[in-house]
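Colleague: Compute the structure for the input listed below.
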Amino acid sequence: MVHEHGMKHDAVAQAAAWAVNTVDYHTGGEPFRIVPELPFEIPGATVLDRRQSAQAGEANILRQLLVNDLPYLSDASLRKSLELTRAILHATAAAARARGAKALFVFPSFGPPRPLEAHAEAFMVSALGDALPHIVVDIDPSHRLPVDGHPDPEGARQIAVAIAEALAHVHP
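Modeller: Numbers count the residues shown, from 1 in each chain. Down below sits the predicted model:
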């Protein structure tokens, strides 16, 4: 029997016996998981040997499960998180208005200039930014820091320019 992502049923059954803890992160718009301690050893005398063992053995089964089969965030959890974030953004905008300021929410996105509906994160912008002043800033992917995925100085400048332009329209 083959699992829906091509894994053999016995591999899935084997993985079900493992106790695996993960740490989930969200960086540069991308989710990723770290497994601080594997429930098995990866055999090999050299780095190359261990890499080849990992690609063909239990580590590959675990990787397939964590990447393909286990959701980063369930739909219910995502919906609840979006509702909470939306409430916080609305409260922030209300607090700004109460102090005579106008809020502007910024959604940076790596990629070429494109309409909102062409962004992978369009659902999130729509869910969070409805009825709130916001901009989506497209940043060339070459302006992403390699270490942490955040915008480099030029990407940060692009964001600042977009904010200044948006605020000029709000406060002529």
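Colleague: make it CA atoms for all contacts and neighbour counts henceforth
Modeller: OK.
Colleague: Would you mind giving the domain segments of the protein?
Modeller: Structural domains annotated on the chain: 9-69, 75-170, as defined by automatic domain parsing.
Colleague: for the chain, which spans come out with low pLDDT?
Modeller: Screening the chain residue by residue with the criterion pLDDT under 70, one finds the ranges 1-16, 26-30, 68-75, 147-148, 170-172.
Colleague: Going along the chain, name the strands of the protein.
Modeller: With DSSP state E applied, the chain shows strands at 23-27, 30-34, 105-110, 134-139, listed in chain order.
Colleague: if we can go back for a sec, just put the domains of the chain in TSV and tack on mean neighbour count.
Modeller: Output for the domains of the chain, formatted as TSV (neighbours: other Cα atoms under 10 Å):
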stretch	mean neighbour count
domain 9-69	13
domain 75-170	15
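Colleague: can you list contacts of the longest helix seen in the chain?
Modeller: Of all the elements of type helix in the chain, the one with the most residues (DSSP state H) is helix 75-98. Counting contacts by Cα atoms under 8 Å, 6 or more residues apart in numbering, the residues outside helix 75-98 that touch it are Lys102, Ala103, Met124, Ala127, Leu128, Gly129, Leu132.
Colleague: Turn these into CSV, including distance to Thr22.
Modeller: Formatted as CSV, the contacts of helix 75-98 follow (distance: Cα to Cα, whole Å):
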residue, distance to Thr22
Lys102, 40
Ala103, 37
Met124, 25
Ala127, 28
Leu128, 28
Gly129, 31
Leu132, 35
